[in-house]
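1. for reference, the sequence and a predicted model appear below.
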4 protein chains.
Amino acid sequence: MLHFECDYTRGCHPEIMRRLAETNMLSTTGYGEDEFCSSARAKIRAAVGNDNAAVWFCVGGTQTNATVISALLKPWEGVISATTGHVNGHEAGAIEHSGHKVITLEHENGKLSAKTLRAYLTGFYNDEAWRHIARPGMVYISFPTEYGTVYSQRELEEIHSVCREYAIPLFIDGARLGYGLCADGGDVTLESLAGECEVFYVGGTKVGALFGEAVVFTDKDLCPDFFTAMKQQGAVLAKGRLLGVQFDTLFTDGLYLRISQNAVDRAGELKKILRDKGYRFHIDSPTNQVFPIVSDEKLRKLKEKVNLSVWEPHPDGWVIRLCTDWATTEEEIKLIKEIL
Amino acid sequence: MLHFECDYTRGCHPEIMRRLAETNMLSTTGYGEDEFCSSARAKIRAAVGNDNAAVWFCVGGTQTNATVISALLKPWEGVISATTGHVNGHEAGAIEHSGHKVITLEHENGKLSAKTLRAYLTGFYNDEAWRHIARPGMVYISFPTEYGTVYSQRELEEIHSVCREYAIPLFIDGARLGYGLCADGGDVTLESLAGECEVFYVGGTKVGALFGEAVVFTDKDLCPDFFTAMKQQGAVLAKGRLLGVQFDTLFTDGLYLRISQNAVDRAGELKKILRDKGYRFHIDSPTNQVFPIVSDEKLRKLKEKVNLSVWEPHPDGWVIRLCTDWATTEEEIKLIKEIL
Amino acid sequence: MLHFECDYTRGCHPEIMRRLAETNMLSTTGYGEDEFCSSARAKIRAAVGNDNAAVWFCVGGTQTNATVISALLKPWEGVISATTGHVNGHEAGAIEHSGHKVITLEHENGKLSAKTLRAYLTGFYNDEAWRHIARPGMVYISFPTEYGTVYSQRELEEIHSVCREYAIPLFIDGARLGYGLCADGGDVTLESLAGECEVFYVGGTKVGALFGEAVVFTDKDLCPDFFTAMKQQGAVLAKGRLLGVQFDTLFTDGLYLRISQNAVDRAGELKKILRDKGYRFHIDSPTNQVFPIVSDEKLRKLKEKVNLSVWEPHPDGWVIRLCTDWATTEEEIKLIKEIL
Amino acid sequence: MLHFECDYTRGCHPEIMRRLAETNMLSTTGYGEDEFCSSARAKIRAAVGNDNAAVWFCVGGTQTNATVISALLKPWEGVISATTGHVNGHEAGAIEHSGHKVITLEHENGKLSAKTLRAYLTGFYNDEAWRHIARPGMVYISFPTEYGTVYSQRELEEIHSVCREYAIPLFIDGARLGYGLCADGGDVTLESLAGECEVFYVGGTKVGALFGEAVVFTDKDLCPDFFTAMKQQGAVLAKGRLLGVQFDTLFTDGLYLRISQNAVDRAGELKKILRDKGYRFHIDSPTNQVFPIVSDEKLRKLKEKVNLSVWEPHPDGWVIRLCTDWATTEEEIKLIKEIL
């Protein structure tokens, strides 16, 4: 079987595995207070271009989202998200479990617009009953979105500008951050993204690590107790150096962006193949996720040889999702080409 | 000023006040274990026609909703509600504060349909990722709805039938129950409604009491620990007999329905006046809430003499809400007639 | 039966009932935004001697405790309480339900000492693992305590001084505040108490009201969103004016302290009777709660004619609690004298 | 520096690392639905001797405790633990964050006794106010305890017998399970332990894995939705097969117990050395944790060459904790001998 169902089917980049093996029998302090974590933090701060940033390492995405969101909100505040946001639909109610409403707004191709956001916030405070309603206390977006689309730098600036106007933090879910930064036609860099939010994370699980997300608060004073917040959520890894080693490797010699580029390049090839074969697309994603429309029969045949995600029904059959990742080979693209 | 902004602007029915005064200096056991509560419980069970029902008294609606919902759900379960449901928009995130997602579905005039419900549930369990998503664990509807509309008995049966199919309880918010039971053209009775849900409440705050909601579990074994659930939510009134006295009075000699009928009758007169004067209506509500459309200028004038609720903007001006209640007099209708 | 089991067996002071009846058919704005609430707030601010205070009205004690505590704590913070604190043992886990640990310290006769508090806080921050542990974020004491004892002004100052040193607020549960302020030999006044804490409440339920607790933040900027916090906890009474009328009456012409004094005076008489009859006391309470030790046989006999609370077993039988209240009459004391 | 501060300073057993490297570039289904997890589950069920058991894999201990406890409790229920229980003191309030009280009982050398437990439960239900108090809904013990001590099989049976009498589940925290099963003089086996509880976990993080805890419900119907509970807590690892590979290796050819025995053997040698040198012990632990008492001066010297945990002050200086682990070598024992 070919695996195109998601971007976390393999282990980790071989260089990471090499370093994990190499350091395996070392003894270090736990909980992320080791030298590998220190080194990784320094490299991430440098990559972000912000000495004042605080960097923390969590294990997975749902955990990271819940920890960041509940750490920053007051009890009666909710987090604004596109209806398609991962925190809204795919985390088994983790945000609500921590006590907060996910306030959903309309999206366009997975993206929240500054206009929609401002309209909501204006309307909220114009409602005479606003003190009776869950307060918007944060904006959550993902980069790239759940549909593989990306915001332009201008769009990020506009959203962030609305957030600042209402004095609420902007949180960017970067579970697939690398693929977003390498997006075809994108103009956002790690540094420029970090400049337009209060907190974001660099996804490792989907971009070359065994697991791990590096949370970056762009102002270290925003949440000085984040370690305890993580501990309470069960998000502190005892052998924290495993995260340090992984992110240190990813942020050495540009590995993170290099392997991200691979996924986007392979996805580009895949899209070309699909286009050439006459497939239409549900969404035009410039990252590592491809959303062709396939007929019932085609879907049945594909499933015999390819693991893929069935996204949603479509008048002409189905929207499916094919993902490339940091390790997808040209050979795999060739193989799927024959099947498509 | 005339008060038509809501149905909780006055104190309580004079007969209730009389009995509160009369029993004021009596000493009784606290927490709802007194004789007045016992009597009220017995009368409500009789009115519901269900000896197996358990009856509990809470103070207010948001509290009741949060207590009932969190008492019955598993941590990873959410409650299904129309987007217009009170638990979704007007309780400052109380449901989420207790850890649960409000899963919102489309409504029609404030009502959830069995069809919409079934489509959602079918889709939910057809999604391969369903175990990653907040589980639908209860259905919440209000009777009457936030738009003053009511379900027919047939509609309740259809919704309840879907609930039973999926083995999830149906919870009916009856904050304005009396007005729903007296709705023009309605066919639902207290007994028939109780037969089509697992739990509901008889609203007192908006229907003649100073405060209080009587929660009825139609099977007393559904939540035997509900007292402790209430205590944890701060919903146990120390001098519980105040609720006993009020509900005992409301359920003596048909007072509850009689005063509910008054509100519906006065609303009927109000609607006739509005119709005769050429107003159009946003929603055709058969209960005590009336939603005429008024021009900008008219609204400004009305506000000088009438307290009312501005519902939402409308191409021709505004939708406003005028409420009658258990005590609205023919005189008050006459007075507002002159202003409209 | 005589009722000495607690201080909330009766309704309310007749003057309150009179005013509730008198204002019953008035229409007012809801949610505490009416003129009665405004008047009550002004009178309480005056009594407290603090124009900068914010005053809010809740319905009951458990609700108030949970709302105040969760409004002020960060998610990973807990509230320090004596093991005997009401929030620890008698609220069905309401504080934990809102996500926070109750951190319990040893008490002496129900009181927490500044010394115990400082020792705990010093130890906490000396523990290398402190970032892994629920953070002390608030101190909760009750005045009077659950044992009827009171802090001296000096003791309050010392506790508050430790709190300020660690920058955590002091919250005083005043469910029986009036009885504490009138304590035999006490030196604390409403004004002096308000000067040594960040938030406290004036208990109404146990001191002459039907229900109600007036929360006072001594700096109104400490929690400007408290209304929404209350709403989320189901603590906003729709007909808020009921609380306004009650507290306005209690704070007119010194009624609150006058009726509190009655309870303390009657308790003094009761203690004298008990002492004269040779009873010993488990705790020497200077307020309205009396804790004599009675034999098995005596207890059996008493229970035939007096409702009382059995506190705990004692080598010589049982510790029982007898409560007087704002309405206990000299006649009732005479009657119980004959039985004791 | 020598590392004796805890049992999670190194990576994983070399055989685990070998298999992780070997399987690294394989693509598998995520979330624990892969063949490695299936194999590990089967081996654990076999080791436990219970075909009806359900096995789930979490990442870390705090996360596992919070997920299991909140999955099984009703909102108003708390979990009983020794005051020394990990869930009480060292998880930053994770249990309370999920809404539940930790009900603490006295311990003896870290152990809860059946007698203490029964006394508490009897007292609880004898209290007239029990419905006002957080309900005991589960018993939590750790095996071995936080003090390195172990229960005998008889003691487990007695505790479990009380639990069954009150119909509440027994949950055994096995973060260091292997070391407990290999305890000097212990008579508990994996199978016998599983027979005396409803749920427990096999700790991997501290016993040879990089990370991971295998949760075993001894009746798979006890919590069929546990996957969703895990998801909500952020406890589902995307690349779940990493846990499968690790536990499959640990449960192949008796590796788990073999490496556990190493830690206990080395700890035995360490204790003998200490005893021979005249040290006294704070607690007599039969597992991998050793608690000698050292003078101020000795502590200062030790700290120059050995990482260790300072447990608590002692009249003669300090109680320190020295831990061996699955990989501690005889060479390391020799080295520390020279320093002690």
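-> That came in fine, so what should we check first?
2. ok, which stretches of the stretch 101-250 of chain A are helices?
-> A:114-126, A:153-165, A:177-181, A:190-194, A:226-232, A:241-250 (DSSP state H, counting those that start in this stretch).
3. so which of the ones you listed is nearest B:Asp225?
-> In terms of Cβ to Cβ, the element of those nearest to B:Asp225 is helix A:226-232, at 27.1 Å. No exception for glycine: its C-beta is placed from N, CA and C like everyone else's.
4. go ahead and name everything in contact with that closest one.
-> Applying Cβ atoms under 8 Å, 6 or more residues apart in numbering or on different chains, the contact partners of helix A:226-232 are A:31-32, A:54, A:56, A:58, A:67, A:70-71, A:215, A:217, A:223, A:236, C:75-76, C:131-135, D:62, D:91-94, D:97.
5. same thing but at 7 Å, please
-> With contact meaning Cβ atoms under 7 Å, 6 or more residues apart in numbering or on different chains, helix A:226-232 is reached by A:54, A:56, A:58, A:67, A:71, A:236, C:75-76, C:131-132, C:135, D:62, D:91-94, D:97.
6. how about that helix: buried residues?
-> A:226-232 (16 or more other Cβ atoms under 10 Å in any protein chain shown).
7. same question for stretch A:254-268.
-> A:255-257, A:259-268.
8. quick one: it near chain D?
-> No. Against chain D, stretch A:254-268 shows no contacts by Cβ under 7 Å from any Cβ of the partner chain, the least distance being 13.4 Å.
9. kindly report the same for stretch A:314-321.
-> No. Shown here: stretch A:314-321 not in contact with chain D (Cβ under 7 Å from any Cβ), separated by at least 14.3 Å.
10. circling back to that earlier point, just tell me which of the helices of the stretch 101-250 of chain A ends up closest to A:Phe291.
-> helix A:177-181 (14.3 Å).
11. now for the strand or helix carrying A:Ala46, which elements pack on it?
-> Assigning secondary structure by DSSP states H and E places A:Ala46 in helix A:35-48. Judged by 3 or more Cβ pairs under 7 Å, 6 or more residues apart in numbering or on different chains; DSSP states H and E, helix A:35-48 is in contact with strand A:54-58, helix A:190-194, strand A:213-217, helix A:241-250.
12. for the buried residues of stretch A:254-268, could you give me TSV that also reports pLDDT?
-> Formatted as TSV, the buried residues of stretch A:254-268 follow (pLDDT from 0 to 100):
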residue	pLDDT
A:Leu255	98
A:Tyr256	98
A:Leu257	98
A:Ile259	98
A:Ser260	98
A:Gln261	98
A:Asn262	98
A:Ala263	98
A:Val264	98
A:Asp265	98
A:Arg266	98
A:Ala267	98
A:Gly268	98
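13. okay, the residues you listed in TSV with secondary structure next?
-> Below are the buried residues of stretch A:254-268 laid out as TSV (DSSP: H, G, I helix; E, B strand; the rest coil):
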residue	secondary structure
A:Leu255	helix
A:Tyr256	helix
A:Leu257	helix
A:Ile259	helix
A:Ser260	helix
A:Gln261	helix
A:Asn262	helix
A:Ala263	helix
A:Val264	helix
A:Asp265	helix
A:Arg266	helix
A:Ala267	helix
A:Gly268	helix
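14. tell me how far stretch A:133-152 lies from the chain's centre.
-> On the basis of Cα atoms, centre = their mean, to the nearest Å, stretch A:133-152 sits 10 Å off its chain's mean C-alpha point.
15. ok, now stretch A:228-235?
-> 20 Å.
16. one more: stretch A:241-259?
-> Using Cα atoms, centre = their mean, the offset of stretch A:241-259 from its chain centre is 16 Å.
17. same check, this time on stretch A:78-91
-> Distance, centroid of stretch A:78-91 to centroid of chain: 13 Å (Cα atoms, centre = their mean).
18. same question for that stretch: list its buried residues.
-> Neighbour-count burial for stretch A:78-91 [16+ other Cβ under 10 Å]: A:78-82, A:84-91.
19. now narrow those to whatever sits close to chain D.
-> Intersecting the buried residues of stretch A:78-91 with the surroundings of chain D, defined as Cβ under 7 Å from any Cβ, gives A:Glu91.
20. nearest to A:Pro292, out of the buried residues of stretch A:78-91: which one, please.
-> A:Thr84 (18.8 Å).
21. how much space between that closest one and C:Glu15?
-> Taking Cβ to Cβ, to the nearest Å as the measure, A:Thr84 and C:Glu15 are separated by 59 Å.
22. who are the neighbours in contact with the closest residue to chain D within the stretch 151-300 of chain A?
-> Of all residues in the stretch 151-300 of chain A, A:Gly234 sits closest to chain D, at 2.8 Å by Cβ to the nearest Cβ. Going by Cβ under 7 Å, 6+ apart, A:Gly234 touches D:60, D:62-63, D:66, D:94, D:233, D:235.
23. export the residues you listed as CSV, with columns for distance to B:Lys43.
-> Shown next, in CSV, are those (distance: Cβ to Cβ, whole Å):
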residue, distance to B:Lys43
D:Gly60, 55
D:Thr62, 51
D:Gln63, 50
D:Ala66, 45
D:Ala94, 46
D:Gln233, 45
D:Ala235, 49
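24. closest one of those residues to D:Thr328?
-> D:Thr328 lies nearest to D:Gly60 out of those, by Cβ to Cβ, at 21.9 Å.
25. does stretch A:182-202 come close to chain D?
-> No. Judged by Cβ under 7 Å from any Cβ, stretch A:182-202 makes no contact with chain D; its nearest approach is 13.1 Å.
26. how close does A:Tyr201 sit to D:Gly240?
-> Distance from A:Tyr201 to D:Gly240, by Cβ to Cβ: 21 Å.
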